[in-house]
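Student: what's the 3D shape of this:
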Amino acid sequence: MTTAPTNTDSALFEALIVPHRSLSRRGTAILCGAMLCITAVLSLRFWLIGAWPVAGFAVVEIALALGLFRLHAQRARRSELILLSEATLRVIRTDWRGRRTEQTLPTAWLRVRLEDRPATVARLTVEHRARSVELGGSLGDAEKRDLAGALRAALDRARNPRFENPQLEG
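Tutor: The predicted model follows:
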């Protein structure tokens with residue numbers, strides 16, 4: 001059974017947070033190929049001058065580097081979706097394996113809190129009574145501040161709606 005969404009289910013605020021990726025898939029493939037070629041040429045040179053143990057270490061080193069690139073690419077699949085409606089704030093997280101978790105907080109008495117921490121990135125949380133949910137774990141300090149400001153503004157608009165009535169305007 002499906003129900004039609006009510007007016008309170010419409011999104012007042014939506015934010016999709018994904019980790020920063022400095023290279024595309026193609027760029028990563030080109031970089032890994034270049035690393036393989038350079039390592040192969042250097043390893044061959046050391047092998048030919050008689051320093052064959054260097055080639056073994058180079059193989060281990062390049063395997064480790066390629067494994068770390070693959071791990072980075074897998075972890076970049078994470079995402080966090082923040083949906084604010086009149087009644088609830090939903091935080092839907094997808095991990096790097098594709099598993100989804102959802103946390104829901106009612107918007108009544110919902111508080112956005114940005115906690116400054118010395119020598120590290122600020123911590124952004126939304127709190128409702130004793131429940132607290134951290135938002136934007138992969139964001140930098142400036143991005144968290146922007147998200148906090150936008151979320152506070154959206155909550156303010158939800159709590160204090162402005163109705164336009166042409167009859168009252170003079």
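Student: quick one, domains of this protein?
Tutor: If the domains of the chain are taken from automatic domain parsing, they occupy 8-19+78-159, 25-75, with pieces of a single domain joined by a plus sign.
Student: please name the residues that touch the residue most central in space within the chain.
Tutor: In the chain, the centroid-proximal residue (C-alpha atoms, centre = their mean) is Val18; its distance is 3.2 Å. By C-beta atoms under 8 Å, 6 or more residues apart in numbering, the residues touching Val18 are 76, 78-80, 138. Quick note: C-beta positions are derived from backbone N, CA and C, even for glycine.
Student: please repeat the previous calculation with a cut-off of 7 Å.
Tutor: If a contact means C-beta atoms under 7 Å, 6 or more residues apart in numbering, then Val18 has Ser79 as its contacts.
Student: what's it sitting at in phi/psi?
Tutor: With angles defined as degrees, to the nearest 10, Val18 shows backbone torsions of phi -130, psi 150.
Student: JSON lines for the domains of the chain, including mean pLDDT and distance to Asn165?
Tutor: Rendered in JSON lines, the data for those read as follows (pLDDT from 0 to 100; distance: least, C-beta to C-beta, whole Å):
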{"stretch": "domain 8-19+78-159", "mean pLDDT": "87", "distance to Asn165": "18"}
{"stretch": "domain 25-75", "mean pLDDT": "89", "distance to Asn165": "51"}
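Student: now do the strands in the chain.
Tutor: Per DSSP state E, the chain carries strands over the ranges 13-17, 79-84, 88-94, 100-106, 111-115, 123-128, 131-135.
Student: which elements pack onto the last one?
Tutor: In terms of contact count using 3 or more C-beta pairs under 7 Å, 6 or more residues apart in numbering; DSSP states H and E, strand 131-135 is assigned the packing partners strand 100-106, strand 123-128.
Student: please work out which of these is packed deepest.
Tutor: Across the helices and strands packed on strand 131-135, the average number of neighbours (mean count of other C-beta atoms under 10 Å) peaks for strand 123-128, which reaches a mean of 18.
Student: for it, the distance to its chain's centre please.
Tutor: Its chain's average C-alpha position is 16 Å from that of strand 123-128, according to C-alpha atoms, centre = their mean, to the nearest Å.
Student: what angle do it and strand 88-94 make?
Tutor: 130 degrees (axes from the mean of the first three to the mean of the last three C-alpha atoms, to 10 degrees).
Student: sheet partners, orientation included, of strand 123-128?
Tutor: Its sheet considered, strand 123-128 pairs with strand 111-115 (antiparallel), strand 131-135 (antiparallel) by DSSP bridges.
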